[in-house]
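[1] sequence first, predicted coordinates after that:
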Amino acid sequence: EKVEKKISETFFYNYEDIYSRPFVTEDSGIPINLLTLKHSFGYDCTRSVNLLLLDSKTLMYIAGNQVVLLDLKTESQCYLRSSGGGGIGFITAHPTKQYFAVGEKGKKPNLIIYDYPSLRPYRILRGGTEEAYVFGDFNDAGTLLASVGSSPDYMLTIWDWKQEKIVLRSKAFSQDVYKVTFSADNEEQLTTSGAGHIRLLALIFNHFNACKLCHVVKKLNLLTLYTTSCKYLYIAIDLMLSWKEATNVISGTEWGNLLLWEGGLIKVELCRAGHKPCHSGPVSQVVLDEGELVTVGKDGFIRVWNFETIDAADSVDDTGLLEVEPMNELHVGRNVSLSFVSKVHDCGQPVWYAQDTNGAIWKLDLTFSNMTRDPECLYTFHSGRIEAMSVSPITYLMATTALDRSVRVYDFISNSQLSEIKFKKGGTALMWAPRVVNPKGGLIAVGFEDGVVRIIEVYDPKGLPILAGQTNTENAKINLKQAFKPHATAVTALAYERNGDVLATGSKDKTVFFFAVEDEYKPIGFICVPGPVQALQWSPSSHVKSTLLILCENGFALQVPAPLPEEHDTVSTYQMKNLPTQYFHFYSIKSRIKLEEEIALREKIKQEKEKAKLEWIKQQQEVGKEIEEEDEEEPEEEPLPPLYIPEEPSPILCGFYSSPGKFWLSLGGYDSGFLYHCEFSSNDQQEDPENRQDEPFEVIPIEGTDNNPIHQISFCTSRLLMFCGMQNGALRVYPLQDKDLSVNNLKEYWSFNVHDNDYGQIQGICSSYDDRFLITCGGDGNIFAFNILSPEDVHKELKAKIPSPRSGLEKEKAAEDIEDPNAYNIEEVKQKKEYERIMKEAEQKKKKKREELVALRHEFLFLLQKNQELPKHMQLHREVHL
């Protein structure tokens, strides 16, 4: 018999040999350490099960292409990179907490087992899925590991992980599978759950110790009884209660109740007294802990139920509902949405940590005694995608906003969040005011989804006068300075004019509004544009004229001069119809470029064939052979592809000025893959912009961007580095020999996968004021700070300076905010006032006419009376016939 070679218990891989590094164009001379990760500020709290604790000191979570290990005492971080650079699908701990598994994403991804606390790679499992791992679980003994893959294979794999061997592989289901768990009672049985299904499976070993998978219950069909109220079963299958003649499983639901399954059917639905749901919203997790059933809800409650009562539950009437009450419950807090809890022991005492999808990590005490501690919020973060980010023009501070309605300010030297402020609606755009506007560097303009723009100021409260009995201990505070509403829908772009005199705001409502920048911002007026605004950029100081480049989502670019308040009549409306405007309507040329490339390729192949034929003839003649002329039939060429213009215009993603009247564009959709150099035409601009077909005059192909377009572009202050944020969450850096873009300039680059490859599209990218650091934020909720390699090997000690408060700030009344999302915008207020003025004038005219009529009536009655007093023969008759 062939003896299989066993992997030694003491064998480890070298982390330096397996982790993914940046890509650098060969022979480019670009240093591989051009950027190095400094700190991770965000938290992907909306990701399912993104919290892991191996002891009471270290908290672990996934951040894009890194696993972050956060020391709870020192708050320092260390990172484990993915090995393939395709992202990370899941993390899970071994029962002994001596190991943890990291399931990756990408082509043929690895599943790596790390040793803890050494963090050395212990085992690398290969071939378990095609595209990505979505979940994994160790059995209670820790000898087997079950993993499940994403589409297209949905492969369930059972591993003898210490020997890196596949014990069994089977397709888990034909739809999305989100979870796989071993039974705590019987390690040869496990559960998979996902979109609209739960599957109960048993591992059966024969006398040769071979293993096969038996579907004990092929599918627990949710649609039989719950077609109207259940789109899919919420993934809360952490519990398998018993495996005897009947199979009992408890699951949570999207509508908040618990279901007890028996033999593949719903035995009973559990609710609270009065048919109140067990949770007011989805049940996100079910845990069997020391003989008690713990349920975790999106409503912010954790409830503990009597396990035996639920296990023995049976329906008592035709409703199929059984009322039970929890033994204990904990309300973690308002606006808390719990998705996952994890338990560790600290000095022998159980401590629970909770993942809050509204952007927090909590420390919980579930002992329910008179000594029970209140829930403690350890960290807060943005929830979901970061919408916008900007850095201070004078120090090491950055500000971010998201649809979670918060604006946050961070110090990226001390790696800490300094302050946050919340509003009624989510933030959608943000820009730190330049030094020319506020020399202290404390002003930030923020746009919101309801069309409101708020001017906020960041300051150091320790600079304020201290009142008796009070102390200022906070590092930074945020104060609302002014709020105004220029738009009816979400603000998408903000831009300060180079001299700091004008603020431009753009919106999805297809308008751009201009404000005079003073101590209090005053409206100048607005223009209508052909599409939702994607970006705004003022011309740099190197241009003679101050103009605004307006980029619209639907392929339009516009250029307008900076408006002056005195030039526009805003008595009846703020709309400026006479502002000179130049238009550019992008017309797709990608199909023509591809056609020209195909023609050139065919011509090249034809020339090579001719050359090879001539060479062969020459060789034959040299050896004295005669060449017979044969009429060779040329093979019929495939027809050239037809020119294609997309019906829906490709979206403009970003752009910037190159010189006066000229600009570069990056597009998504069909037209991705190139940077397009465009120019505003000097021809008559009076024609309908919709009918224009403007073509770029220069294109630069960008490697690897056909299906991965550039979403964000920024430059360092010297403009010798161009930073690009990609759709797949990667960060690219192009060193530029000069400040202009060219084909040669953009051939060589540095690239690093940092954010999640599937949904981590980079939303913002900018360097610090002194080009020492680069900050990125993404759709995955992550914010990363990088060191930029500088000529000096060692940076001097740096520190962020928080702006001092304005004089008299403490005496000012709080600025009036706009809290009603249906409040009138500035133009609607103007139109309302104009309407009220017209109505008032009309009423005054009516009043005047009424007074004249009353006077005439009185005069008429007086004349009637006088007429009556005259003798009969002298009186005038009431009716006079002419």
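    Received, thanks.
[2] where does the stretch 1-150 of the chain dip in pLDDT?
    For the stretch 1-150 of the chain, the stretches flagged by pLDDT under 70 are 1-3.
[3] where exactly do the strands run in it?
    23-24, 35-40, 52-53, 58-63, 66-71, 77-81, 88-93, 99-104, 111-115, 121-125, 133-138, 145-149 (DSSP state E, counting those that start in this stretch).
[4] so can I have a markdown table of the ones you listed showing distance to L721?
    Any C-beta I mention is one placed from the backbone N, CA and C, and that applies to glycine too. Shown next, in a markdown table, are the strands of the stretch 1-150 of the chain (distance: least, Cβ to Cβ, whole Å):
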| stretch | distance to L721 |
| --- | --- |
| strand 23-24 | 14 |
| strand 35-40 | 10 |
| strand 52-53 | 36 |
| strand 58-63 | 24 |
| strand 66-71 | 23 |
| strand 77-81 | 23 |
| strand 88-93 | 28 |
| strand 99-104 | 30 |
| strand 111-115 | 33 |
| strand 121-125 | 33 |
| strand 133-138 | 35 |
| strand 145-149 | 39 |
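[5] the longest helix in this structure is where?
    helix 826-869 (DSSP state H).
[6] JSON lines for the strands of the stretch 1-150 of the chain, including distance to G506 and mean neighbour count?
    Converted to JSON lines, the strands of the stretch 1-150 of the chain look like this (distance: least, Cβ to Cβ, whole Å; neighbours: other Cβ atoms under 10 Å):
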{"stretch": "strand 23-24", "distance to G506": "35", "mean neighbour count": "18"}
{"stretch": "strand 35-40", "distance to G506": "31", "mean neighbour count": "18"}
{"stretch": "strand 52-53", "distance to G506": "42", "mean neighbour count": "22"}
{"stretch": "strand 58-63", "distance to G506": "31", "mean neighbour count": "22"}
{"stretch": "strand 66-71", "distance to G506": "34", "mean neighbour count": "20"}
{"stretch": "strand 77-81", "distance to G506": "37", "mean neighbour count": "17"}
{"stretch": "strand 88-93", "distance to G506": "36", "mean neighbour count": "24"}
{"stretch": "strand 99-104", "distance to G506": "39", "mean neighbour count": "24"}
{"stretch": "strand 111-115", "distance to G506": "45", "mean neighbour count": "22"}
{"stretch": "strand 121-125", "distance to G506": "48", "mean neighbour count": "20"}
{"stretch": "strand 133-138", "distance to G506": "39", "mean neighbour count": "24"}
{"stretch": "strand 145-149", "distance to G506": "43", "mean neighbour count": "27"}
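[7] looking at those strands, which is closest to L548?
    Nearest to L548 among the strands of the stretch 1-150 of the chain is strand 35-40 (31.7 Å), distances taken as Cβ to Cβ.
[8] for the closest one, which outside residues touch it?
    22, 63, 66, 68, 77, 79, 412, 415, 731, 733, 750, 752, 754, 773-774, 782-789 (Cβ atoms under 8 Å, 6 or more residues apart in numbering).
[9] partner strands of it, with direction?
    Next to strand 35-40 in the sheet, as set by DSSP bridges, lie strand 783-788 (antiparallel).
[10] contact partners for P735?
    P735 is in contact with 30, 720-721, 748-750, counting by Cβ under 8 Å, 6+ apart.
[11] give me every residue that touches the nearest residue to S82 once chain neighbours are set aside.
    Among residues not flanking S82 along the chain, N65 sits closest, at 4.7 Å (Cβ to Cβ, 6 or more residues apart in numbering). Contact partners of N65, counting by Cβ under 8 Å, 6+ apart, are 20, 81-82, 85-88, 729, 753-757.
[12] separation between N65 and T505?
    35 Å (Cβ to Cβ, to the nearest Å).
[13] flag the shaky bits of this protein, pLDDT-wise.
    In the chain (pLDDT under 70), the answer is 1-3, 172-174, 204-247, 467-473, 568-570, 626-634, 683-686, 791-797, 880-882.
[14] that older thread, for the residue nearest to S82, give me phi and psi.
    Main-chain dihedrals, N65, degrees, to the nearest 10: phi -100, psi 10.
[15] picking up where we left off before, just the buried ones from the contacts of P735, in ChimeraX syntax?
    Buried residues within the contacts of P735, by 16 or more other Cβ atoms under 10 Å, are selected in ChimeraX with:
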select :30,721,748,749,750
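[16] in strands, which of the contacts of P735 fall?
    Judged by DSSP state E, the contacts of P735 include 721, 750 as members of strands.
[17] could you count how many residues lie near V332?
    By other Cβ atoms under 10 Å, 23 other residues sit near V332.
[18] apologies, that question was intended for V316.
    11.
[19] before we move on, back to that, mark which of the contacts of strand 35-40 are buried, thanks.
    For the contacts of strand 35-40, buried by 16+ other Cβ under 10 Å: 22, 63, 66, 68, 77, 412, 731, 733, 750, 752, 754, 773-774, 782-788.
[20] pretty sure K424 sits against N822.
    No - between K424 and N822 there is no contact under Cβ atoms under 8 Å: 11.1 Å.
[21] with neighbour numbers in mind, choose between these two.
    K424 (13 against 5).
[22] which of the helices or strands spans that one?
    Per DSSP states H and E, K424 falls between elements, in no helix or strand.
[23] helix/strand/coil for the closest residue in space to it that isn't next to it in sequence?
    Nearest residue to K424 in three dimensions, chain neighbours excluded: E819, at 4.9 Å (Cβ to Cβ, 6+ apart). Using DSSP: H, G, I helix; E, B strand; the rest coil, the structure places E819 in coil.
[24] my guess is E819 contacts K422. True?
    No - E819 is not in contact with K422 according to Cβ under 8 Å; the separation is 11.6 Å.
[25] okay, how far is it across stretch 267-277, tip to tip?
    Across stretch 267-277, the terminal residues are separated by 17 Å (Cα to Cα, to the nearest Å).
[26] now do the buried residues in that stretch.
    Neighbour counts using 16+ other Cβ under 10 Å place 267-272, 277 of stretch 267-277 among the buried residues.
[27] can you map out the strands along the stretch 401-550 of the chain?
    Secondary structure of the stretch 401-550 of the chain (DSSP E, counting those that start in this stretch): strands at 406-411, 416-422, 427-432, 443-448, 453-459, 477-484, 491-496, 502-507, 511-516, 522-528, 533-538, 547-552.
[28] now the ones you listed in TSV, with mean neighbour count and distance to D115?
    Compiled in TSV, the strands of the stretch 401-550 of the chain are given as follows (neighbours: other Cβ atoms under 10 Å; distance: least, Cβ to Cβ, whole Å):
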stretch	mean neighbour count	distance to D115
strand 406-411	23	33
strand 416-422	17	31
strand 427-432	25	42
strand 443-448	25	45
strand 453-459	23	44
strand 477-484	19	44
strand 491-496	23	48
strand 502-507	26	52
strand 511-516	24	57
strand 522-528	20	61
strand 533-538	21	47
strand 547-552	24	50
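[29] and P326, which of these is closest to it?
    With Cβ to Cβ as the criterion, P326 lies closest to strand 416-422 of the strands of the stretch 401-550 of the chain, at 31.3 Å.
[30] which neighbours does the closest one have in its sheet, and in what orientation?
    With DSSP bridges as the test, strand 416-422 is paired with strand 406-411 (antiparallel).
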